[in-house]
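Enquirer: What follows is a protein structure lacking sequence information:
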């Protein structure tokens with residue numbers, strides 16, 4: 001009996017030990033999961049959560065940290081924190097409206113880099129002990145600074161060249177993806193926002209739409225700049241494209257459904273290169289009507305039509321190419337010349353030009369170069385990233401020849417004479433209202449010299465021809481970049 005009691009006692013102890021071990025293991029596992037999530041959150045999600053305007057924690061941080069500066073790549077302060085009345089901190093934008101749509105604002109809902117970089121701007125690299133001392137003394141610690149890829153000088157030239165006209169200018173480096181300038185007009189001065197001005201800017205009868213970034217959110221018919229996509233697709237689908245020949249009579253079709261070459265011009269007999277260089281609408285209507293629409297659409301989607309535009313830290317819309325094989329022939333022809341239902345943002349419209357200039361490789365566009373501490377220490381350095389090989393090297397060479405012909409013999413010849421760099425591109429005149437003769441002026445292209453390369457995408461609303469409205473802006477940007 002005594003032995004049985006002892007055995008039972010040992011059995012109970014073993015059972016209790018197993019239960020305790022199981023409980024311990026479960027606790028350790030839960031702890032490790034929780035600890036792992038904390039690490040994952042800090043690395044992956046903390047910035048996203050703290051950048052969310054609905055997160056009140058940012059307000060707590062703002063009480064302890066002076067918001068850092070946003071600067072251009074050439075050292076200009078684009079957004080700073082100053083002491084206002086009664087010592088209250090005020091966000092100030094030294095260049096007023098020029099960077100408003102990309103740098104953004106903090107009042108009336110943060111947008112732009114002010115929103116996407118909230119986490120970094122309200123973080124401090126100050127020694128924790130000094131931060132505690134500052135907090136104990138009721139003083140704020142200095143926030144980190146965001147150094148953008150934006151170049152002040154290029155931006156100023158682009159802004160001045162666009163002037164008081166509505167439109168957008170995007171300037172980027174094809175080899176890196178760095179966005180050097182992102183101009184949107186009309187704009188607004190974030191320094192002057194009050195309840196009254198804010199209400200006015202948001203009023204239903206406001207025609208200026210100054211609060212959205214035309215460079216990334218504006219959707220425009222691309223006009224003849226879309227012939228880059230049509231031409232590339234035609235080359236892919238027709239190995240004998242160099243033998244292409246067409247006799248332009250100035251228009252195709254009859255009545256209201258007819259499509260004419262711009263200004264009623266009759267180009268006569270054109271080959272593939274002439275049709276592109278002289279922007280012959282009727283020739284491209286002919287090419288478009290011969291294309292496999294699904295393959296054409298697939299090419300466009302490879303260059304981010306119908307997809308989110310691959311740029312971070314900024315508000316954006318997606319370009320659209322919704323053509324289907326069942327659409328009417330007239331709709332297909334309209335799409336071939338960048339009209340109909342085709343819509344692009346100026347940023348997305350630069351992608352093919354960048355890929356051509358970069359031997360087929362498309363780099364991810366980006367706006368933030370690095371994060372620095374208040375004393376200049378680099379905390380995070382962002383590096384160029386390749387998105388994809390958008391086109392082959394051979395296709396890039398062929399497209400370069402076409403786009404170079406536009407400058408040497410076609411609608412952008414003002415970029416050829418008297419310039420030290422080699423420019424290439426495509427102009428466009430995009431009708432934006434049915435029955436109206438008004439059009440937006442476009443130029444998309446790039447220039448190279450001494451191993452350097454820069455690309456532009458420019459739209460001037462109601463500018464008429466790209467030759468007259470957009471090419472002169474491109475020339476000023478190229479001159480400034482290579483000076």
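Expert: Noted; the coordinates are in hand. From a predicted model like this one, the values you see are computed outputs, not experimental measurements.
Enquirer: ranges for the helices of the stretch 51-200 of the chain?
Expert: Secondary structure of the stretch 51-200 of the chain by DSSP state H, counting those that start in this stretch: the helices cover 57-64, 100-103, 112-116, 118-121, 128-136, 152-162, 195-201.
Enquirer: Return the most buried member of the ones you listed.
Expert: Between the helices of the stretch 51-200 of the chain, the one whose residues have the most neighbours on average, counting mean count of other CB atoms under 10 Å, is helix 100-103 (a mean of 26). No exception for glycine: its C-beta is placed from N, CA and C like everyone else's.
Enquirer: Show me what it is packed up against.
Expert: Contact partners of helix 100-103 among helices and strands, from 3 or more CB pairs under 8 Å, 6 or more residues apart in numbering; DSSP states H and E: helix 112-116, strand 179-185, helix 214-217.
Enquirer: Rebuild the helices of the stretch 51-200 of the chain as TSV, extending it with distance to residue 185 and mean pLDDT.
Expert: Compiled in TSV, these are given as follows (distance: least, CB to CB, whole Å; pLDDT from 0 to 100):
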stretch	distance to residue 185	mean pLDDT
helix 57-64	30	75
helix 100-103	9	97
helix 112-116	15	97
helix 118-121	26	96
helix 128-136	41	81
helix 152-162	6	98
helix 195-201	14	91
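Enquirer: so can I have a markdown table of those helices showing distance to residue 310?
Expert: Formatted as a markdown table, the helices of the stretch 51-200 of the chain follow (distance: least, CB to CB, whole Å):
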| stretch | distance to residue 310 |
| --- | --- |
| helix 57-64 | 27 |
| helix 100-103 | 17 |
| helix 112-116 | 15 |
| helix 118-121 | 21 |
| helix 128-136 | 37 |
| helix 152-162 | 22 |
| helix 195-201 | 30 |
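Enquirer: Relative to residue 332, which of the ones you listed is closest?
Expert: The stretch from the helices of the stretch 51-200 of the chain with the least distance to residue 332 (CB to CB) is helix 152-162; that distance is 33.5 Å.
Enquirer: The closest one to strand 179-185, inter-axis angle?
Expert: Taking axes from the mean of the first three to the mean of the last three CA atoms, to 10 degrees, one finds helix 152-162 and strand 179-185 inclined to each other by 30 degrees.
Enquirer: just checking, what packs against helix 152-162?
Expert: When contacts are defined as 3+ CB pairs under 8 Å, 6+ apart, helix 152-162 sits against strand 167-172, strand 179-185, helix 471-482.
Enquirer: Name every strand pairing with the first one and say which way it goes.
Expert: Strand 167-172 has these partner strands in its sheet, going by DSSP bridges: strand 179-185 (antiparallel), strand 452-460 (antiparallel).
Enquirer: pLDDT below threshold where in this protein?
Expert: Across the chain, the stretches falling below the confidence threshold (pLDDT under 70) are 1-27, 30-59, 204-207, 254-256, 434-436.
Enquirer: Of all the helices and strands packed on helix 152-162, which one is nearest residue 295?
Expert: Among the helices and strands packed on helix 152-162, the nearest to residue 295 by CB to CB is strand 167-172 (27.6 Å).
Enquirer: Quick one: closest of the helices of the stretch 51-200 of the chain to residue 380.
Expert: For the helices of the stretch 51-200 of the chain, the distance to residue 380 is smallest for helix 118-121, at 7.8 Å, taking CB to CB.
Enquirer: which strands and helices sit next to the closest one?
Expert: Using 3+ CB pairs under 8 Å, 6+ apart, helix 118-121 is in contact with helix 46-51, strand 145-148.
Enquirer: Relative to the whole chain's centre, how far out is it?
Expert: Relative to its parent chain, helix 118-121 has a centroid offset of 21 Å by CA atoms, centre = their mean, to the nearest Å.
Enquirer: Now do the same contact list for the most centrally placed residue in the chain.
Expert: Residue closest to the average C-alpha location in the chain (CA atoms, centre = their mean): residue 347, at 4.6 Å. Counting by CB atoms under 8 Å, 6 or more residues apart in numbering, residue 347 touches 170, 182, 215-216, 309, 311, 316, 365, 457.
Enquirer: one more time with 7 Å, if that's ok
Expert: Applying CB atoms under 7 Å, 6 or more residues apart in numbering, we find residue 347 in contact with 170, 215-216, 309, 311, 365, 457.
Enquirer: To residue 81, which of the helices and strands packed on helix 152-162 lies closest?
Expert: Each of the helices and strands packed on helix 152-162 was checked against residue 81 via CB to CB, and the shortest separation belongs to strand 179-185, namely 22.8 Å.
Enquirer: Thanks a lot, see you next time.
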